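K.L.:
Sequence isn't available, so here's the structure alone:
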């Protein structure tokens, strides 16, 4: 596999159709800065499962990994059916930053900030990316369920409005960051992800939750 300089990576991004920039670093490090348009799936925490569910096998890939994790990433991707890997960014995202290239970031908020914003923001929309079963058992009142695995199809996001102030969460930070990266890639930039996801929301007593009727039977 080829180690690409920043200039080589930029050329690849410009010239390659159907290219996905896949960033497999830690969720918090990705949120702090990433190449615009990147999809995040951290190498830990069911990486192969999420890669299989979300990533198209017929696209080309540029990898951004933790330094020294390039081969591990490629090996797991091959198990997920992803083989068309054009290379990885040499010296990871640090080289992109040192070159002062354009970068994007994600805004993280805590559950208490969501609790404060909910009563006052009429455009606020909570987007819950857990499974339908998890959503049915309990979710933020009036939240929309968009299971993370369904977000592989960009058409699923057509229900969202640009005026929405999206507050995205999964069960954990990890899932929320994957979802936020997919939304950003599709042009939704007015969003925040909730740190620690549903686990944190459940502990915030000011946030009203509800269950689906199917879970009450």
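P.N.:
Thanks, I have it. Keep in mind it's a predicted model, so treat the numbers as computed, not measured.
K.L.:
all helices of this protein, in order?
P.N.:
Taking DSSP state H, the helices of the chain run over residues 6-15, 27-32, 47-54, 70-79, 92-98, 111-117, 132-137, 173-185, 197-201, 213-216.
K.L.:
Could you provide those in JSON lines, with additional columns for distance to residue 38 and mean neighbour count?
P.N.:
Where you see a C-beta, it was placed from the backbone N, CA and C, and this is true even at glycine. JSON lines is the format used below for those (distance: least, CB to CB, whole Å; neighbours: other CB atoms under 10 Å):
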{"stretch": "helix 6-15", "distance to residue 38": "10", "mean neighbour count": "14"}
{"stretch": "helix 27-32", "distance to residue 38": "8", "mean neighbour count": "20"}
{"stretch": "helix 47-54", "distance to residue 38": "13", "mean neighbour count": "18"}
{"stretch": "helix 70-79", "distance to residue 38": "14", "mean neighbour count": "16"}
{"stretch": "helix 92-98", "distance to residue 38": "9", "mean neighbour count": "16"}
{"stretch": "helix 111-117", "distance to residue 38": "25", "mean neighbour count": "17"}
{"stretch": "helix 132-137", "distance to residue 38": "26", "mean neighbour count": "15"}
{"stretch": "helix 173-185", "distance to residue 38": "6", "mean neighbour count": "24"}
{"stretch": "helix 197-201", "distance to residue 38": "20", "mean neighbour count": "21"}
{"stretch": "helix 213-216", "distance to residue 38": "35", "mean neighbour count": "10"}
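K.L.:
Please identify which of those is closest to residue 60.
P.N.:
helix 6-15 (8.3 Å; CB to CB).
K.L.:
Just the mean pLDDT for the closest one, thanks.
P.N.:
Averaged across helix 6-15, pLDDT comes to 98.
K.L.:
just stretch 190-204 next, same as before
P.N.:
97.
K.L.:
Give me the neighbour count for residue 18.
P.N.:
10 (other CB atoms under 10 Å).
K.L.:
isn't it right next to residue 59, touching?
P.N.:
Yes - contact criterion CB atoms under 8 Å: residue 18 and residue 59 qualify, at 4.7 Å.
K.L.:
Just want the most central residue of the chain.
P.N.:
residue 178 (1.8 Å; CA atoms, centre = their mean).
K.L.:
State the number of residues packed around the nearest residue to residue 25 once chain neighbours are set aside.
P.N.:
Once flanking residues are discounted, residue 25 sits nearest to residue 66: 5.4 Å by CB to CB, 6 or more residues apart in numbering. Burial of residue 66 is recorded as 17 neighbouring residues (other CB under 10 Å).
K.L.:
What residues does residue 66 make contact with?
P.N.:
By CB atoms under 8 Å, 6 or more residues apart in numbering, the contact list for residue 66 reads 24-26, 43, 92.
K.L.:
if we can go back for a sec, verify the contact between the residue nearest to the centre of the chain and residue 149 for me.
P.N.:
No - look at residue 178 against residue 149 with CB under 8 Å: they stay out of range, at 10.1 Å.
K.L.:
circling back: could you dump the helices of the chain to TSV with distance to residue 162?
P.N.:
Shown next, in TSV, are these (distance: least, CB to CB, whole Å):
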stretch	distance to residue 162
helix 6-15	25
helix 27-32	22
helix 47-54	23
helix 70-79	33
helix 92-98	28
helix 111-117	18
helix 132-137	24
helix 173-185	12
helix 197-201	24
helix 213-216	31
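K.L.:
Tell me which of those lies nearest to residue 104.
P.N.:
helix 173-185 (6.5 Å).
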